[in-house]
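Visitor: prediction below, plus the sequence it came from.
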Amino acid sequence: MNVLLPPEDVRGLIGQGQKLLLAGDEELLSDLPAGCWIGGTTPYFMIEQHPQHSREKIHVTVLPDFVQSVDIRQYDETSIHRVYADAPANGISFIIIPAKASTHYTFALHAPNFESFAVRPLIGWISGVDLKKPGFQLPKAYNGMNKVASENAAVVMHITLPNDKVADIGIINLFSQGSGDQIVFPDDGFKTRSAYINGRLQNYRDYLLDKNIDTWLPLVADYHGISINTSIREVNERQEAVEFYAPVFSNLSYKHARPVTNYNNRFEQLMPTGLEQHLLFACNCILNHRDHEPYLEAPPGIPGPITFGEIAYLLLNQTMVYVRIIDLPSPA
Amino acid sequence: MVASANLEPVWKDIVSGKMNIEFEFLAARILQSALVRSFHQQPSPMRLDRCARELRELFLQNLNLPSARNDLDKVLGTEAQE
C-alpha cells in the first residue's frame, strides 16, 4: 500500500506494529512515535500520476504481512561499504541517505567497489528539503526504532522475504543518449572543470555555454544497454566549473540526452505491464518535476515520494526506480 | 542449467569484452558495466578471474529471479555452443 496520510493515521499504523517506509516534512516525521519504520525528508509526492506538495501529510508504504523479518541499521561514510553484505540472502534493502551528507558522496562514488555490490537488491532515495520553505533546513533520514534523525548517516531497512517470493528492481528512464558529442571526464567526481569532448580536452563550462546546451537534460552513459543519467546541478561561472547531482566517472563515455517530445507517450512505452499490481515501492526524481520551463508538461510517474536522487543498486538521477514482488511457482 | 564449480570461460569473455551479452536482469547489466570498466583499467589475468567470478556469483545468488535465470541460461547456452 502506497498512500498519503495525515500524521494521526500514521501513528495508528505504527501503533499496530506495521512495517513502514515513510517520506514527509521534518516536523511531521520528528513527531512520530518509535516503531518499525524508516523515513526521509521530502514534501513532494507522486499521487495518481500527478506531482503533489504537502507539509501536512506523510507518504506511507506499508510493507506486506508476508515480510518475515526486519533489520534497521544506520551506516555512515565509514560503514556504508557493508550495506550489500549485510542484506539477507532473500530479501530487499531500502535505503535513505540525506542529500549532501558525506555518506551520500561515499556511496555515490564507491558503491561498485563495495562487498557484494549488486548481489543483493538495494533500492531507495536521497532525502532533501522543502525548496519553498523559508529558513535553513537540512535533509534527514530517520531510524524509527530509536527515533534518531541523521543529517549524515544513511538509514537502511533490510527485510527478509519468504522463499516463495523474490524482489525485482527496475528503472524507468525517460532519457536516452542524444546524437551529439562524446564526453569523457578526466576524473571521478561531483564537479569538473574540464572534459574530453570528442577526444579534445577543454573547459566543460565553456563548452556548455558555447554550444548553448540545455543543462536540464542529463548526461547519459550506456551501461551495457541501459541508460544511466547524471544531472547537472550548476554551471559555476566564478569557479569555471560544472557541478553534478551524481558523480561522473572517468572511465565512462557520456552524451547529453536527446530531448523528450512527449513525456506521456514515452512513459507509457516504458512502464512495465501490470507493474502496479505487484509494486512494493517506487520513487521519482524531483528534477523531472520542478519548475522547468519550457518543460511545463511534467512527466507522469509511479506512486511514491519525489526525491533528490534515486538508488537502484547505484545512485541515479532523473530516473524512476521501483521494486516489485514476484511470486515464485510452488515446487512440483 | 546451473553453473558448475569450475569457472566457465564465457564469464571471462564477458568481462574482457570479447563477448557482449545484453542481460535482462538489471543488476547484471550494472555489475557487468562496472566489472568491464574495472578490468580494462588494470587488465591482468588475476583481475579477469576475480571479476568473472564476481559476475557469476551474482547469478548464482539470484537463481530465483526469472530474469537472472533467463540470463544464466543464455550465458551457459552460449558456453555449450562453443
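Guide: Okay, I see it.
Visitor: so where's chain A uncertain?
Guide: For chain A, applying pLDDT under 70 flags the ranges A:290-299, A:331-332.
Visitor: what does chain B give?
Guide: Using pLDDT under 70, chain B drops low at B:1-5, B:79-82.
Visitor: what does it put close to chain A?
Guide: With C-beta under 8 Å from any C-beta of the partner chain as the criterion, chain B meets chain A at residues B:20, B:22-23, B:26-34, B:36-38, B:40-41, B:57-58, B:61-62, B:64-67. From N, CA and C alone the C-beta is placed, and that goes for glycine too.
Visitor: ok, of those residues, which come out buried?
Guide: Taking 16 or more other C-beta atoms under 10 Å in any protein chain shown as the criterion, what is buried in those is B:23, B:26-34, B:36-38, B:58, B:61-62, B:64-65, B:67.
Visitor: filter the residues of chain B next to chain A down to the ones in helices?
Guide: B:26-34, B:36-38, B:40-41, B:57-58, B:66-67 (DSSP state H).
Visitor: look at the residue nearest to residue A:114 when sequence neighbours are not counted and tell me its secondary structure.
Guide: Once flanking residues are discounted, residue A:114 sits nearest to residue A:81: 4.6 Å by C-beta to C-beta, 6 or more residues apart in numbering or on different chains. For residue A:81, the assignment made with DSSP: H, G, I helix; E, B strand; the rest coil gives helix.
Visitor: and residue A:81, how close does it get to chain B?
Guide: Per C-beta to the nearest C-beta, to the nearest Å, residue A:81 is found 15 Å from chain B.
Visitor: ok, now which ones touch that residue?
Guide: Residue A:81 makes contacts with A:110, A:113-115, as judged by C-beta atoms under 8 Å, 6 or more residues apart in numbering or on different chains.
Visitor: got the buried residues for the helix or strand hosting residue B:52?
Guide: Assessed by DSSP states H and E, residue B:52 sits inside helix B:45-60. Neighbour counts using 16+ other C-beta under 10 Å place B:47-48, B:51-52, B:54-56, B:58-59 of helix B:45-60 among the buried residues.
Visitor: quick one: contacts for residue A:64?
Guide: Residue A:64 makes contact with A:280, A:325, according to C-beta under 8 Å, 6+ apart.
Visitor: tally of neighbours for residue A:170?
Guide: As a burial measure, residue A:170 scores 17 neighbours (other C-beta atoms under 10 Å in any protein chain shown).
Visitor: so the residue nearest to it when sequence neighbours are not counted bridges to which residues?
Guide: In this structure, residue A:170 finds its nearest non-sequential neighbour in residue A:322, 5.5 Å apart by C-beta to C-beta, 6+ apart. In this entry, residue A:322 is beta-bridged to residue A:170, residue A:282, by DSSP bridges.
Visitor: can you check residue A:97 too?
Guide: Counting by DSSP bridges, residue A:97 is bridged to residue A:126.
Visitor: so who does it touch?
Guide: Going by C-beta under 8 Å, 6+ apart, residue A:97 touches A:103-104, A:107, A:124-127, A:141, A:154, A:309, A:311.
Visitor: before we move on, what about residue A:11?
Guide: A:32-33.
Visitor: check the secondary structure at it for me.
Guide: The three-state assignment at residue A:11 reads helix, by three-state DSSP.
Visitor: how close does it sit to chain B?
Guide: Counting by C-beta to the nearest C-beta, the gap from residue A:11 to chain B is 36 Å.
Visitor: where along the stretch 151-300 of chain A do the helices fall?
Guide: A:204-210, A:263-270, A:275-278 (DSSP state H, counting those that start in this stretch).
Visitor: buried ones in the first one?
Guide: In this case it means helix A:204-210. A:204-205, A:207-208.
Visitor: please put the alpha-carbon coordinates of it into PDB.
Guide: Below are the C-alpha coordinates for helix A:204-210, written out as PDB (Å, rounded to 0.1, in the frame of the first residue of the first chain):
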ATOM      1  CA  TYR A 204      33.400  21.900 -19.800                       C
ATOM      2  CA  ARG A 205      31.600  25.100 -18.600                       C
ATOM      3  CA  ASP A 206      32.800  27.000 -21.700                       C
ATOM      4  CA  TYR A 207      31.600  24.000 -23.900                       C
ATOM      5  CA  LEU A 208      28.100  24.100 -22.400                       C
ATOM      6  CA  LEU A 209      27.900  27.800 -22.800                       C
ATOM      7  CA  ASP A 210      29.300  27.900 -26.300                       C
END
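Visitor: stretch A:62-82: end-to-end distance?
Guide: 26 Å (C-alpha to C-alpha, to the nearest Å).
Visitor: how far is that stretch from where the chain is centred?
Guide: How far stretch A:62-82 lies from its chain's middle: 16 Å, per C-alpha atoms, centre = their mean, to the nearest Å.
Visitor: and what of stretch A:123-130?
Guide: 6 Å.
Visitor: quick one: contacts of it?
Guide: A:23, A:25-26, A:40-43, A:53, A:55, A:92-99, A:104, A:137-141, A:156, A:169, A:281, A:283, A:286, A:305, A:307-312, A:315, A:321-323.
Visitor: so what touches stretch A:191-205?
Guide: The contact list for stretch A:191-205, computed with C-beta under 8 Å, 6+ apart, reads A:181-186, A:207, A:235-237, A:239-244, A:248.
Visitor: what residues of stretch A:177-185 count as buried?
Guide: Under the neighbour-count criterion of 16+ other C-beta under 10 Å, stretch A:177-185 has A:177, A:181, A:183-185 buried.
Visitor: closest to residue A:218 among these?
Guide: Distance to residue A:218 across these (C-beta to C-beta) is lowest for residue A:177, with 10.2 Å.
Visitor: what's opposite that closest one in the beta bridge?
Guide: With DSSP bridges as the criterion, residue A:177 is bridged to residue A:257.
Visitor: enumerate every residue touching it.
Guide: Shown in contact with residue A:177 (C-beta under 8 Å, 6+ apart): A:220, A:222, A:227, A:255, A:257-258.
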